[in-house]
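[1] Mind looking at a prediction? Sequence and model below.
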Amino acid sequence: MVFDHGGNEIARHQLEHEQILPRAGWVEHNPTEIWERTRSVIVSTLNKANLVASDLAAVGVTNQRETTVVWNRRTGRPYCNAIVWQDTRTDKIAAELERAGHGEIIRRKAGLPPATYFSGGKLRWILDNVPGIAADADRGEAVFGTTDTWLLWNLTGGIDGGVHVTDPTNASRTMLMDLETCDWDDELLSLFGIPRAMLPTIAPSSNPELFGKTRTDGPFGGEVPLAGVLGDQQAATVGQVCFRPGEAKNTYGTGNFLLLNTGTELVRSQHGLLTTVAYQFGDEKPVYALEGSIAVTGSAVQWLRDQLGIISGAAQSESLARQAEDNGGVYFVPAFSGLFAPYWRSDARGVIVGLSRYSTNAHLARATLESICYQTRDVVEAMEADSGVRLDTLRVDGGVTANELCMQLQADFLDVPVSRPVVAETTALGAAYAAGLAVGFWSDTDELVQNWHEDKRWTPTWTAEQRERGYARWKKAVSHTLDWIDIDDDQPISKTQ
């Protein structure tokens, strides 16, 4: 996406890439395909808008944060598919860390619970299971990065001088970074047995010095400062201009991610949330956030499309759900990757409860939209308990916000107005803001706040009785997801011969 000084979209191009599902609980991406698709969308967007590299002030990168890539710095080739943030194969690693008493060290230093979600366990799994990689890591040839690091390395030259770097928002999702120092921590590295030499340099999220410039022989066709890097949810926080403590946003994408700015104060959650870096601009102190991460929301709608085949596209989920006046007593908890915040239960799996002969595909579509909103309420309640701040408005962004029924349900379930900005793709906008601030395209964050404009607002219509009755049934449905998977045996009982 290309934006102008007013934060307006000038051009965009997007391509899907393959979701690789080798077995239950495993989710992979092909890093080479991601790089090829990235090259393609850059070229197509510039051509579409008749732009060249010299027209661009800076480039920002944003990415799904915990997805783990390991490649050879000499050949440039990945050793294996990237392990995606949703992947649960590292549940034994996470459980063993907890059993060994290391969980509190990780929570105190990294702000995260030991969980399958984060990169450190994925990197350990790769070192243990991909032949030859451990020896290459010891020689300094095998290097690690989240997807931002992989793309920056390629954009700045790859095997010919590529820069190996990330920012604190991505590094804070590894279980390997100390939140207070914003640097890799030796004690955490030793818990996972990961060589420091594999890891990228950590540079501020908005900083033209260490991210380098695009190569003239790359997809931009010229040199442009790579000046901003933010993990996707932190990028959306910046794009929603949540720069003051107490301001929050919720992004509706593959999963849902609610972030509350806590300023330069590091707030440790007592209610199942994550402490994370929201952003670090230049030489300023890092700004922190509380985050509620939900694994499966928009991807539940994709499941209706791809696995069940009851809709042909995401937009159809709304029209189908509107065919039912209510959920018909059906509740769907899409715990495909276990439950993230505030439960953190990797043993959970998805359930659909309350089915009767009356139930239709419309009820299931509505229950799917409701699951997005109920999971958000779980996180909002935890956030209010941790922060003592009650939301007066929920700022929302991401693809699911185009579903107006879902946004109305969200307002009803929370009893809080829901506000969508004119630019719903705030993740890309936030990356642009980080890059533009670094090179002076925007002078300060006050200038960015002036760019924010509301597109639509949904206000609550439900009674308190409706709201609490529905939420009580949701909590009951959640209870049926727990203790489903034995960590030592995630295999189906029956298999077709």
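    Thanks, I have the structure now.

[2] ok, which stretches of the stretch 301-450 of the chain are helices?
    316-321, 361-387, 404-414, 426-439, 445-449 (DSSP state H, counting those that start in this stretch).

[3] For those, please prepare JSON lines with the additional fields mean neighbour count, distance to residue 129 and mean pLDDT.
    Every C-beta, even on glycine, is put in place using the N, C-alpha and C of the backbone. Listed next are the helices of the stretch 301-450 of the chain as JSON lines, based on neighbours: other C-beta atoms under 10 Å; distance: least, C-beta to C-beta, whole Å; pLDDT from 0 to 100:
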{"stretch": "helix 316-321", "mean neighbour count": "20", "distance to residue 129": "37", "mean pLDDT": "95"}
{"stretch": "helix 361-387", "mean neighbour count": "23", "distance to residue 129": "32", "mean pLDDT": "95"}
{"stretch": "helix 404-414", "mean neighbour count": "22", "distance to residue 129": "39", "mean pLDDT": "97"}
{"stretch": "helix 426-439", "mean neighbour count": "27", "distance to residue 129": "32", "mean pLDDT": "95"}
{"stretch": "helix 445-449", "mean neighbour count": "15", "distance to residue 129": "44", "mean pLDDT": "94"}
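
[4] would you turn the ones you listed into JSON lines with distance to residue 351?
    Below are these laid out as JSON lines (distance: least, C-beta to C-beta, whole Å):
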{"stretch": "helix 316-321", "distance to residue 351": "19"}
{"stretch": "helix 361-387", "distance to residue 351": "10"}
{"stretch": "helix 404-414", "distance to residue 351": "19"}
{"stretch": "helix 426-439", "distance to residue 351": "30"}
{"stretch": "helix 445-449", "distance to residue 351": "42"}
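
[5] so which of those gets nearest residue 103?
    Taking C-beta to C-beta, helix 361-387 is the member of the helices of the stretch 301-450 of the chain nearest to residue 103, at 18.5 Å.

[6] the inter-axis angle of the closest one versus helix 404-414?
    Orientation check (axes from the mean of the first three to the mean of the last three C-alpha atoms, to 10 degrees): helix 361-387 against helix 404-414 gives 40 degrees.

[7] before we move on, back to that, so for residue 457, which of the helices of the stretch 301-450 of the chain sits nearest?
    In terms of C-beta to C-beta, the element of the helices of the stretch 301-450 of the chain nearest to residue 457 is helix 404-414, at 8.6 Å.

[8] picking up where we left off before, with residue 95 as the reference, name the closest of the helices of the stretch 301-450 of the chain.
    Smallest distance to residue 95 across the helices of the stretch 301-450 of the chain (C-beta to C-beta): 22.6 Å, for helix 361-387.

[9] which helices and strands does the closest one pack with?
    strand 248-252, strand 256-263, strand 287-294, helix 298-303, helix 316-321, strand 331-333, helix 404-414, helix 464-479 (3 or more C-beta pairs under 8 Å, 6 or more residues apart in numbering; DSSP states H and E).

[10] May I see the ones you listed organised as JSON lines, with distance to residue 148 added?
    Shown next, in JSON lines, are those (distance: least, C-beta to C-beta, whole Å):
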{"stretch": "strand 248-252", "distance to residue 148": "17"}
{"stretch": "strand 256-263", "distance to residue 148": "16"}
{"stretch": "strand 287-294", "distance to residue 148": "18"}
{"stretch": "helix 298-303", "distance to residue 148": "21"}
{"stretch": "helix 316-321", "distance to residue 148": "30"}
{"stretch": "strand 331-333", "distance to residue 148": "31"}
{"stretch": "helix 404-414", "distance to residue 148": "29"}
{"stretch": "helix 464-479", "distance to residue 148": "33"}
